[in-house]
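Enquirer: Fold the following, please.
(2 chains)
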Number of protein chains: 2
Amino acid sequence: MMNNSIDAYLDEKKEIIDQALARFLPDSETSQVASAMHYSVKAGGKRLRPILTLTAAEIYGVKADSILEIAVAIELVHSYSLIHDDLPAMDDSDLRRGRPACHIVFGEAVAILAGDALLTLAFELVAAFGLREKKEKDALKICISLAKAAGSEGLIGGQELDLRAEGKNLSMEEIEIIAELKTGALFRAALNCGALAVPAPANELEILDRYALKIGKAFQIIDDLLDEEATATELGKPSGADRKSAKATHTALMGNAAARGRAESLYLEAVEKLRELEKDTEVLAALAAKLVYRKK
Amino acid sequence: MMNNSIDAYLDEKKEIIDQALARFLPDSETSQVASAMHYSVKAGGKRLRPILTLTAAEIYGVKADSILEIAVAIELVHSYSLIHDDLPAMDDSDLRRGRPACHIVFGEAVAILAGDALLTLAFELVAAFGLREKKEKDALKICISLAKAAGSEGLIGGQELDLRAEGKNLSMEEIEIIAELKTGALFRAALNCGALAVPAPANELEILDRYALKIGKAFQIIDDLLDEEATATELGKPSGADRKSAKATHTALMGNAAARGRAESLYLEAVEKLRELEKDTEVLAALAAKLVYRKK
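Expert: From the prediction side, this is the model:
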């Protein structure tokens, strides 16, 4: 797939996700919490995770329209985790995607509640999908997949390890475990939930999961690299923030060039994995390239 | 039902809930977050909400053993909401049920994450119930019921209104709306989810919902009364805390005697409602009496 056609694909899918998000969120006029939910969700992310969900289903001929709740649920969990991670008691980050963080605009109490509400809404949407599409059993499996990715052995576990790692010297293995939980878990759930909505056969779910694990790791390494290299203006958050708070990253441990090399190897392994799927996985391969060779 | 037999019933059911909670929570040794989850859940609540869930199903002959995940999910959502409500940015409460609040023991970051993890686990358990019992559609409806009760038009909405109400003069109507959201919503979900797990017919769900709404309100009024009357030692939290932070309550607005009268009327209405159900609702009636005539 050519570079400009993957860009067009991403734009098209992002538009679909953005419209669905606007549709499924509560009216922003109704409360401060609803307003904060909109503020954070609309902050202009690339929607990579929900796009992966749509793409996973698309491989099996399932159209985006029929699984929008699932894709949105993935993005809501991502958005909730960013709000809570940014809180003063956590990473204490004032900026997110170039704008003031949720708690800066709405205060801590509303930010905590908005995160809670996004997480809650995610599960409501998964259930609504199951009833609407009469895919009850698949929806329950998606619910469990999403909960495990978000839970104490996923995002939450990763955030806890990350907080405890501040200022410590971590081994490469420890760094990878944190990246697997903080980023990998939701990338994996994004693919898994999209494929469960088909539902795809178990062995193919497994292949997609290996792909997701690898691109999740690669994505995190590139994130750290961009954090090192970028200026605050380009990235939308204080540059070198991770280094300043002495967080252990691939770049800190092995240097930028080697870290980039590691991300590129993971990309190649991810694409290699896709070959085992006897499907048209061109878009997934192009998405993996996009994640690794992005400039922001 | 005699007073001592309802006490025995409550003790028996509490024991079942406590054992199920211990079984479904992650091993407390695995992380600080898991440890905080145990700490808060084990804090020795009366388990009223999950007992209502079990009782609602029992009316239809459904045994506690087959819906434990649902009852536990209700208690986890309750427990999560207490952890987040106690945070410094919210109600800033250092004591909960006579012990230091979660964030006092584990720090704010872990407390936020423990709340998040309990909420997440609740939905995972509902989904697990549906797959295990092959009640997929019912489980999805339970998921939606629980999400609505917890979400921005339930607990979260109530907490937002409550925070904004501090120091303001509220009308009786406004006070009732907050009580309906903060307490009523989860009482209603407790009954609703238990009955959905049967599943009970729609018109009977409606009757149980009216009962739940009324006892939820009565419960909140009695809570406020006990807060007024009790000493810190008896109640396990600073007495008169609500009055000190100038929160509007029934007692503040109409005085203790009239507030108790209102709670008793609600109790009578709730029991009256149960008569419309052509079932043995003796236990639900006894539970309602217990909620209103409790001393702590």
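
Enquirer: where does residue A:90 fall, helix, sheet strand or coil?
Expert: Assigned with DSSP: H, G, I helix; E, B strand; the rest coil, residue A:90 falls in the coil class.

Enquirer: Check the one 3 residues further on too.
Expert: With three-state DSSP as the basis, the three-state label of residue A:93 is coil.

Enquirer: Show me what the longest helix belonging to chain A is packed up against.
Expert: Assignment by DSSP state H gives helix A:202-229 as the longest helix of chain A. Applying 3 or more Cβ pairs under 8 Å, 6 or more residues apart in numbering or on different chains; DSSP states H and E, we find helix A:202-229 packed against helix A:48-58, helix A:172-179, helix A:185-196, helix A:241-244, helix A:250-254, helix A:256-274, helix A:282-292. For the C-beta atoms, the positions are set from N, CA and C on the backbone; glycine is no exception.

Enquirer: Not including adjacent chain positions, what is the nearest residue to the residue nearest the centre of chain A?
Expert: By Cα atoms, centre = their mean, chain A has its centre lying nearest to residue A:49, at 4.5 Å. The shortest distance from residue A:49 to any non-neighbouring residue, by Cβ to Cβ, 6 or more residues apart in numbering or on different chains, is to residue A:190 (4.2 Å).

Enquirer: Do I have it right that the one you found meets residue A:47?
Expert: No: if you go by Cβ atoms under 8 Å, residue A:190 and residue A:47 don't touch, sitting 10.4 Å apart.

Enquirer: Neighbour count for these two, which is higher?
Expert: Taking other Cβ atoms under 10 Å in any protein chain shown, residue A:190 and residue A:47 do not tie; residue A:190 has more neighbours (32 against 23).

Enquirer: Relative to the whole chain's centre, how far out is stretch A:188-197?
Expert: 12 Å (Cα atoms, centre = their mean, to the nearest Å).

Enquirer: Not counting it itself, show me its contacts.
Expert: Residues outside stretch A:188-197 that contact it (Cβ atoms under 8 Å, 6 or more residues apart in numbering or on different chains): A:49-50, A:52-57, A:59-60, A:62, A:66-67, A:70-71, A:73-74, A:77, A:126, A:129, A:133, A:135, A:138-139, A:141-142, A:145-146, A:148-150, A:154, A:204-205, A:208-209, A:211-213, A:216.

Enquirer: Quick check: mean pLDDT of that stretch?
Expert: Average pLDDT, stretch A:188-197: 98.

Enquirer: How about stretch A:212-219?
Expert: For stretch A:212-219, the per-residue pLDDT averages 94.

Enquirer: Equivalent analysis for stretch A:265-272, please.
Expert: Per-residue scores along stretch A:265-272 average to 96.

Enquirer: Same check on stretch A:115-128?
Expert: Here the average pLDDT along stretch A:115-128 is 98.

Enquirer: quick one: it near chain B?
Expert: Yes: residues of stretch A:115-128 contacting chain B under Cβ under 8 Å from any Cβ of the partner chain: A:115-117, A:119-121, A:123-124, A:126-128.

Enquirer: What is the burial count for residue A:184?
Expert: Counted with other Cβ under 10 Å, residue A:184 comes out at 26.

Enquirer: was I right about it contacting residue A:217?
Expert: Yes: the pair residue A:184 and residue A:217 passes the contact test of Cβ under 8 Å, sitting 6.0 Å apart.

Enquirer: Work out for me the element residue A:121 sits within.
Expert: For residue A:121, the element it lies in under DSSP states H and E is helix A:108-132.

Enquirer: list the contacts for residue A:77?
Expert: Contacts of residue A:77 by Cβ under 8 Å, 6+ apart are A:118-119, A:122, A:146, A:149-150, A:155, A:186, A:189.

Enquirer: go with 10 Å
Expert: A:49, A:118-119, A:121-123, A:146-147, A:149-150, A:154-155, A:185-186, A:189-190, B:120 (Cβ atoms under 10 Å, 6 or more residues apart in numbering or on different chains).

Enquirer: Could you verify that it is part of a helix?
Expert: Yes: assessed with three-state DSSP, residue A:77 lies in a helix.

Enquirer: Not counting its neighbours along the chain, what's nearest residue A:205?
Expert: residue A:195 (5.3 Å).

Enquirer: returning to what we had before: flag every buried residue along the longest helix of chain A.
Expert: A:204-205, A:207-228 (16 or more other Cβ atoms under 10 Å in any protein chain shown).
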